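A.B. asks: give the three-dimensional model of this entry:
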Amino acid sequence: MPESARVGSAPPHRRPRKATTLDGELKVFAGSSNRALAERIAARLDQPLGSVRLEQFPDGEARVQINENVRGTDVFVIQSTSAPVDVNLMQLLIMIDALRRASAGRITAVIPYFGYARQEKKSSGREPITAKLVANLLEAAGASRVITLDLHAPAVQGFFDIPVDHLQASPLLAESLGRVASDDLVVVSPDAGGVARAYDFSQRLENSSLAVVFKDRMAPDEIQTLSVVGEVDGRTAVIVDDLISTGGTLAEGARALLERGAKAVFACATHGIFSGHALENLKRSGLSQAFVTDSVPVNSDSKACTITQVGTATLFAEAVRRVHNDESITAMFK
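C.D. replies: Coordinates of the predicted model:
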C-alpha cells in the first residue's frame with residue numbers, strides 16, 4: 001500500500017472527476033476527538049483538512065459551523081467516538097447534519113473507534129441495544145456511509161441500512177509484533193468469543209499455534225480466570241483482542257500465562273482505551289509490551305507503560321481513496 005495516496009485519479013474506464021470545488025471533489029473534515037490522526041490521514045491523501053468551527057455554548061451544547069463550500073462534494077468526517085464518548089458522538093452527529101444541510105453530495109463518517117459497539121445485544125431484561133441506536137442516529141443525521149476499524153462485534157454492521165466498510169488492523173499489528181517477537185509464538189484468545197480473531201491473527205505469523213483462556217466474568221471488566229487450553233510453557237504468548245479498556249482481562253490473562261510457563265507475554269489490541277486503572281493493572285501483570293493502534297489518542301503516561309502505537313493513517317487514507325473512486329475495499333485485505 002503506498003505511503004501517500006492521491007485522489008482524483010479515476011480508473012481508465014471511468015470518466016475523470018472534475019478538478020473543481022464542486023461536483024464530487026473530495027473533502028476531509030475532522031472532529032476534535034483525534035485530530036492528530038485526521039491530520040495524518042489528510043496528509044496521505046494530499047488534502048488539507050476542511051475548515052470547521054467546533055465550540056461549546058456556555059451551557060455545554062456543541063456548536064458546529066462549516067466554514068467552506070461543500071455543495072456537491074464527497075465529504076469524509078473523521079471522528080472517533082472515544083472518551084468523552086457522548087460529547088464526541090454528539091459532535092459527529094451535528095457535523096454530519098451541518099454538512100447535509102449544506103448540500104454535501106455524499107457524507108462518509110470515518111469512525112476509527114466506534115463507541116457503544118459492546119452494547120450490541122441484550123444481556124438481561126429491560127436493557128437497550130445501544131449500538132443499534134447509534135447506527136440509527138448516524139443515518140438520521142445524514143451519513144451516507146461508514147468506515148470503521150475492528151468493531152467489537154462485527155454484527156453491528158447489520159444494524160445499518162447504509163454501506164459499512166469494516167477495516168482490519170491485524171496486518172498492521174502482526175507486522176509490528178514481528179519486529180520484536182517472531183519465534184516460538186502462541187497466539188492467545190482472552191476468551192472463547194475471541195477465538196476466530198486470534199486464529200486469523202495467528203495465520204499472519206509464521207510457526208505460531210493457538211491457545212484460549214477460559215474465564216468467568218463476575219461483572220463488567222471483572223473476571224476470574226479458570227484455565228488455559230493450549231501449550232504455552234516455554235513459549236512467547238501473544239494475547240489478541242479488539243480493545244483494552246480497564247486492562248482487567250488482559251492483566252489476568254497475562255498472569256495466567258506466566259504462571260503456566262510462558263517465557264514472555266505480549267498483547268495486540270486494535271483500540272487502546274485505557275480507562276480507569278488500566279495502566280496500573282498492566283504494570284502489575286508482567287506484560288512485556290502492548291501494541292495498539294492510534295484509533296484513540298494515547299496519553300503520555302500510557303506511552304511510558306510499554307505501550308506501542310501502530311499508525312493507521314495509511315490504512316484509512318487508502319480506504320477513503322477507494323471509496324471516493326468507487327473501488328473495492330475488500331481487495332485491501334486479500
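
A.B. asks: and the helix or strand where residue 134 lies, what's buried?
C.D. replies: Using DSSP states H and E, residue 134 sits within helix 130-141. Across helix 130-141, burial judged by 16 or more other CB atoms under 10 Å covers 131, 132, 134, 135, 138, 139, 141. For every residue, glycine as well, the C-beta is placed using N, CA and C.

A.B. asks: care to break the protein down by domain?
C.D. replies: The chain breaks down by automatic domain parsing into domains covering 26-168+313-333, 170-310.

A.B. asks: the stretch 51-200 of the chain: strands as residue ranges?
C.D. replies: 52-56, 62-66, 74-78, 106-111, 145-149, 164-167, 185-189 (DSSP state E, counting those that start in this stretch).

A.B. asks: make a markdown table out of these and add mean neighbour count and distance to residue 312.
C.D. replies: Output for the strands of the stretch 51-200 of the chain, formatted as a markdown table (neighbours: other CB atoms under 10 Å; distance: least, CB to CB, whole Å):
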| stretch | mean neighbour count | distance to residue 312 |
| --- | --- | --- |
| strand 52-56 | 13 | 22 |
| strand 62-66 | 16 | 25 |
| strand 74-78 | 26 | 11 |
| strand 106-111 | 26 | 11 |
| strand 145-149 | 22 | 7 |
| strand 164-167 | 20 | 8 |
| strand 185-189 | 26 | 21 |
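
A.B. asks: so which of the ones you listed is nearest residue 331?
C.D. replies: Nearest to residue 331, of all the strands of the stretch 51-200 of the chain, is strand 164-167, at 11.8 Å by CB to CB.

A.B. asks: now for the spatially closest residue to residue 122 that is not a sequence neighbour: which residues touch it?
C.D. replies: Sequence neighbours aside, residue 129 is the residue nearest to residue 122 in space, at 6.3 Å (criterion: CB to CB, 6 or more residues apart in numbering). With contacts defined as CB atoms under 8 Å, 6 or more residues apart in numbering, the neighbours of residue 129 are 119, 120, 121, 122.

A.B. asks: and residue 129, its phi and psi?
C.D. replies: Per-residue torsions, residue 129: phi -110, psi 80 (degrees, to the nearest 10).

A.B. asks: report the next helix or strand after the worst-scoring helix or strand of the chain on mean pLDDT in sequence order.
C.D. replies: Within the chain, no helix or strand scores below helix 300-303, which has a mean of 60 by mean pLDDT, DSSP states H and E. For helix 300-303, the following helix or strand on the C-terminal side (DSSP H and E) is strand 307-310.

A.B. asks: quick one: residue 55 from residue 61, how far?
C.D. replies: Distance, residue 55 to residue 61, by CB to CB, to the nearest Å: 10 Å.

A.B. asks: please apply the same query to residue 169.
C.D. replies: 34 Å.

A.B. asks: swap in residue 26?
C.D. replies: Taking CB to CB as the measure, residue 26 falls 30 Å from residue 61.

A.B. asks: who has more neighbours out of the two?
C.D. replies: A count of neighbours by other CB atoms under 10 Å puts residue 26 above the other of residue 26 and residue 61, at 20 against 10.

A.B. asks: residues in contact with the nearest residue to residue 288 once chain neighbours are set aside?
C.D. replies: Spatial nearest neighbour of residue 288, chain neighbours left out: residue 264 (4.8 Å); criterion: CB to CB, 6+ apart. Residue 264 sits next to 181, 236, 237, 288 when contact means CB under 8 Å, 6+ apart.

A.B. asks: repeat that for 10 Å
C.D. replies: Each residue near residue 264 by CB atoms under 10 Å, 6 or more residues apart in numbering is listed here: 180-181, 235-238, 254, 257-258, 286-289.

A.B. asks: list only buried entries from those.
C.D. replies: For the contacts of residue 264, buried by 16+ other CB under 10 Å: 181, 235, 236, 237, 238, 254, 257, 258, 287, 288, 289.

A.B. asks: need those in CSV with pLDDT, secondary structure and distance to residue 193, can you?
C.D. replies: Formatted as CSV, those follow (pLDDT from 0 to 100; DSSP: H, G, I helix; E, B strand; the rest coil; distance: CB to CB, whole Å):
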residue, pLDDT, secondary structure, distance to residue 193
181, 88, coil, 25
235, 96, coil, 23
236, 96, strand, 24
237, 97, strand, 18
238, 98, strand, 18
254, 94, helix, 19
257, 95, helix, 18
258, 95, helix, 23
287, 94, coil, 21
288, 94, coil, 25
289, 94, strand, 24
